[in-house]
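K.L.:
From the sequence below, what's the structure:
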Amino acid sequence: MKTVAVTHYSDVLCVWAYIGQIRVDELRHRFDEKVSVASRLIPVFGNTAEKIGEGWRARGGYDAYADHARSIVARFEHVTMSADAWSRIRPRSSLVPHAWIRAVGLVGGSCEAFAWRLRLAFFRDGRDIGRASVLAELTSELGLDVDAVRESLESGAAWAALQADHDAVKEEGVRGSPTFVLNERRQILYGNVGYKILEANVLELLRDGGEQASWC
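P.N.:
Residues are numbered from 1 along each chain as shown. Sure, this is the predicted structure:
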């Protein structure tokens, strides 16, 4: 049976990745074992003071960005956004939650389930997932071993796993979040890509295995 490998890159603080997770879930549901989706993390919001505080200064800074993100979320029925997200609650970096996601994976938890819980905690509930104390609370709420996760962080194992994601970002030329990479990097879908586009790319690869990708 043919299997299509898809690599999904995202930042846990990216509003489009929050909105678009439903498309990843549908891809898995629709194709089951015919599609293998690997998730990787990209630090688009590695420094929010620079990206939002400075990058949006002329347009109103964090408050303007919060309004912008909220207006995007309002267009979709399956997600909501807290009034506190980005306006009052402003995580300094996605690097710490990303490292916790990798730590959870190293101790036997589901990286994707934890990442989704973090997205809900920030966007829906207005919790500061940039803080280790909040991440520990969320880890405990999911019934995971907080001490084991912390040990993975302290030993550097989680950070090394996260570095592997960053290396893959550079190697595959990924520009932002969310991004889907298929067909050995021949097909890169970046941004707010609709589900039908994802599905069409997967169906094409299932039909010909990507053999028509290069005619020379």
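K.L.:
And the pLDDT for residue 210?
P.N.:
Residue-level confidence at residue 210 comes out at 54, pLDDT.
K.L.:
actually residue 14, not the one I wrote
P.N.:
Looking at residue 14, its pLDDT stands at 98.
K.L.:
Provide the secondary structure category for residue 38.
P.N.:
Following DSSP: H, G, I helix; E, B strand; the rest coil, the label given to residue 38 is strand.
K.L.:
Next up, the contacts around it.
P.N.:
By C-beta atoms under 8 Å, 6 or more residues apart in numbering, the contact list for residue 38 reads 5-8. No exception for glycine: its C-beta is placed from N, CA and C like everyone else's.
K.L.:
do that again at 10 Å, thanks
P.N.:
Listed by C-beta atoms under 10 Å, 6 or more residues apart in numbering, the contact partners of residue 38 are 5-9, 112, 168, 181.
K.L.:
Out of the residues you listed, which sit inside helices?
P.N.:
The helices in this structure, assigned by DSSP state H, contain 112, 168 from the contacts of residue 38.
K.L.:
Buried by neighbour count, from the contacts of residue 38: which ones?
P.N.:
Among these, those buried by neighbour count (16 or more other C-beta atoms under 10 Å) are 6-9, 112, 168, 181.
K.L.:
which residues of this structure score low on pLDDT?
P.N.:
Per-residue confidence of the chain (counting by pLDDT under 70) places the weak regions at 1, 209-216.
K.L.:
hmm, 90 instead?
P.N.:
Per-residue confidence for the chain (pLDDT under 90) gives these ranges: 1-3, 184-186, 191-192, 207-216.
K.L.:
all strands of it, in order?
P.N.:
Assignment of strands within the chain using DSSP state E yields the ranges 4-10, 35-41, 179-182, 187-190.
K.L.:
Include distance to residue 206 when you put these into JSON lines, please.
P.N.:
Conversion of the strands of the chain to JSON lines gives the following (distance: least, C-beta to C-beta, whole Å):
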{"stretch": "strand 4-10", "distance to residue 206": "6"}
{"stretch": "strand 35-41", "distance to residue 206": "9"}
{"stretch": "strand 179-182", "distance to residue 206": "11"}
{"stretch": "strand 187-190", "distance to residue 206": "13"}
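K.L.:
That concludes my questions; thank you for your assistance.
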